[in-house]
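# What follows is a predicted protein model with its sequence.
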Amino acid sequence: MTIELAVIGGTGVYALGELADVETHQPVTPYGAPSGPVRVGTYAGRRVAFLARHGEGHSLPPHRINYRANLAALKALGATRVLALNTVGGITERFGPRVLACPEQLIDYTWGRISTLCEEPGSEVLHVDFGDPYTPSLRRQVVAAAAQASVALVDGGCYGATQGPRLETRAEIARMRRDGCDLVGMTGMPEAGLARELGLDYACLAIVANWAAGAGPEVDEVITLQDVLDNVSAAMAGVPELLRRVLAG
């Protein structure tokens, strides 16, 4: 099976509505079961796979996701390129709610997650180069596709991956800003690192759902789930055409 692109959906993105002739796969991997079924179908005339990272009913918190199984399942089905949709908070000025971004750097603040394929005794020890955590060629393709589709997209930025599932304190966000983070999310790692170990091209399309704590103009703003979902829905409006351009490229 040739899959042109695998898409992993984050919070608020549990399906690709434009996917046609859908087949459902539930691959068995050496790392256990993925978050849910992998939906494979036709999108703009190309074969595309979709997996909901948190499960199709959002039943998995970020620290309980089996990232290894998710990526291994996509690779087993024939995927070589993965576009990760990550719902995030904005820290710096360019990254307000409803912005789409394609970050180029990453800082990992997570802990206690299985973050490598080298976990089991006897596994090959992998020391992968991770200086550029997102595959530059796929990043360029996403950025070019957004321009062709007239979809506003911020090219660049640094994603800070936190443990979750709670949101961050103002002091934590202030620290992340000092560290150079523009975006904050809970699922960027170990996913990106595992993709590199598996030899998958990987890029992130970050969907800014809210200002991070203390980062927006309303410092006392309370973040609600409904606000997050509304902003994700609005930001996703241009994503179907962006994906068509990525597949055409």
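Now that the structure is in, tell me what you want to look at. Numbering: from 1, shown residues only.

# Going by C-alpha atoms from here, please, whenever you check contacts or count neighbours.
Fine.

# next one: the lowest-mean-pLDDT helix or strand in the chain to chain centre, how far?
One helix or strand of the chain scores below all others by mean pLDDT, DSSP states H and E: helix 225-235, with a mean of 87. Counting by C-alpha atoms, centre = their mean, to the nearest Å, helix 225-235 is centred 16 Å from the centre of its parent chain.

# And it, what does it pack against?
strand 201-211 (3 or more C-alpha pairs under 8 Å, 6 or more residues apart in numbering; DSSP states H and E).

# Run a quick neighbour tally on A146.
By the criterion of other C-alpha atoms under 10 Å, A146 has 24 neighbours.

# Mean confidence (pLDDT) on the lengthiest helix in the chain, please.
Criterion DSSP state H: the longest helix present in the chain is helix 136-148. Taken as a whole, helix 136-148 carries a mean pLDDT of 97.

# For the least confident helix or strand of the chain, buried residues please.
V228, L229, N231, V232, A235 (16 or more other C-alpha atoms under 10 Å).

# in stretch 160-174, what counts as buried?
G160, A161, T162, Q163, L167, E168, I173, A174.

# Hmm, Y109 and the third one touching each other?
Yes. In this structure, T162 sits in contact with Y109. The criterion is C-alpha atoms under 8 Å, and the distance is 4.9 Å.

# Mind listing the shared neighbours of these two?
Common neighbours of T162 and Y109, using C-alpha atoms under 8 Å, 6 or more residues apart in numbering, do not exist here.

# Which residue is the nearest non-sequential neighbour of C181?
Among residues not flanking C181 along the chain, C158 sits closest, at 4.9 Å (C-alpha to C-alpha, 6 or more residues apart in numbering).

# Okay, and the beta partners of the one you found?
Q105 (DSSP bridges).

# so what's it up against?
Contact analysis of C158 by C-alpha under 8 Å, 6+ apart lists P103, E104, Q105, L106, I107, G180, C181, D182, L183.

# at 10 Å what do you get?
By C-alpha atoms under 10 Å, 6 or more residues apart in numbering, the contact set of C158 is 91, 101-107, 176-177, 179-184.

# Select only the buried ones of those in PyMOL?
PyMOL command restricting the contacts of C158 to the buried ones, with burial defined by 16+ other C-alpha under 10 Å:
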select buried, resi 91+101+102+103+104+105+106+107+176+177+180+181+182+183+184
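
# with the contacts of C158 in mind, which one is nearest to V151?
A101 (10.6 Å; C-alpha to C-alpha).

# Partner strands of the helix or strand containing the closest one and their direction?
Taking DSSP states H and E as the criterion, the element that holds A101 is strand 100-102. Here strand 100-102 has these sheet partners by DSSP bridges: strand 154-155 (parallel), strand 201-211 (antiparallel).

# can you list contacts of the shortest one?
Residues from elsewhere that reach strand 154-155, judged by C-alpha under 10 Å, 6+ apart: 94-95, 99-104, 139-140, 142-144, 146, 205-206.

# swap the cut-off to 6 Å and go again
Contact with strand 154-155 is made by A101, C102, as judged by C-alpha atoms under 6 Å, 6 or more residues apart in numbering.

# Show me how far it is from its chain's centre.
On C-alpha atoms, centre = their mean, the centre of strand 154-155 falls 15 Å from the chain's centre.
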